[in-house]
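**Student:** Give me the fold of what follows.
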Amino acid sequence: MGELNFFLGLQIKQNPNGTMIYQQKYAIELIKKFKMYESKEIDTPIAIATKLDIDKTGSSVDQKLYRGMIGALLYLTASRHNIVFNVGCCAHFQDNPEESHLTAVKKILRYLKGTTDLCLWYPKSSNFNLVGYVDADNAGFLVDRKSTSGTAQFLGSCLVTWATTK
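**Tutor:** Alright, predicted model coming up:
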């Protein structure tokens, strides 16, 4: 049957030191699909000070396009945990996306363009210490003043679960 290379869109490479899981091919296809291949790469998916809000003065954008971008990015979060929070913030505006929301999504794609080679690395080790982290932004969502929290659990040095909630 052979070694596992692809599983549900995830690329998998195994070697004696561990396993690498990534979605490089999918990320490149997204950049091409949404015509971001000529855009400039950026170092972070969204600025720390950025707070997305309902933009009453901005112009509306194509809802179908916006939802397609969000759905594609949500699928990419299976191996790119570093964009989960940013994509989640943008996903809140799928009902009535404005130009400012589309700009935020395009920044995530510009970030992905420069980081297509990032992956999850699970080395072989005997360290099975489970460690959890949590962070919260109390009443930080400008639309409805709800709090956002996130958790991450590591088994040894490997991220095994993550979650964000509003």
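**Student:** Following element in sequence after the helix ranked longest in the chain, please.
**Tutor:** When the chain is parsed with DSSP state H, its longest helix is helix 99-114. Per DSSP states H and E, the first helix or strand lying C-terminal to helix 99-114 is strand 120-123.
**Student:** which parts of that following strand are buried?
**Tutor:** Applying a neighbour-count criterion of 16 or more other CB atoms under 10 Å, one finds Leu120, Tyr122 buried in strand 120-123. All C-beta spots, glycine's among them, are computed from the backbone N, C-alpha and C.
**Student:** Export only the CA atoms of the helix or strand following it, formatted as PDB.
**Tutor:** Towards the C-terminus, the helix or strand next in line after strand 120-123, according to DSSP H and E, is strand 130-137. Extracted in PDB, the C-alpha atoms of strand 130-137 (Å, rounded to 0.1, in the frame of the first residue of the first chain):
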ATOM      1  CA  LEU A 130       0.500  17.600  28.600                       C
ATOM      2  CA  VAL A 131       0.600  21.400  28.900                       C
ATOM      3  CA  GLY A 132      -2.300  23.800  28.300                       C
ATOM      4  CA  TYR A 133      -2.400  27.500  27.700                       C
ATOM      5  CA  VAL A 134      -5.300  29.900  27.600                       C
ATOM      6  CA  ASP A 135      -5.700  33.500  26.700                       C
ATOM      7  CA  ALA A 136      -8.700  35.900  26.800                       C
ATOM      8  CA  ASP A 137      -9.800  39.200  25.400                       C
END
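**Student:** Give the burial count for the residue nearest to Asn127 when sequence neighbours are not counted, as a bare number.
**Tutor:** Leaving out its chain neighbours, the residue that sits closest to Asn127 by CB to CB, 6 or more residues apart in numbering is Gly156, at 3.7 Å. By the measure other CB atoms under 10 Å, the count of residues near Gly156 is 14.
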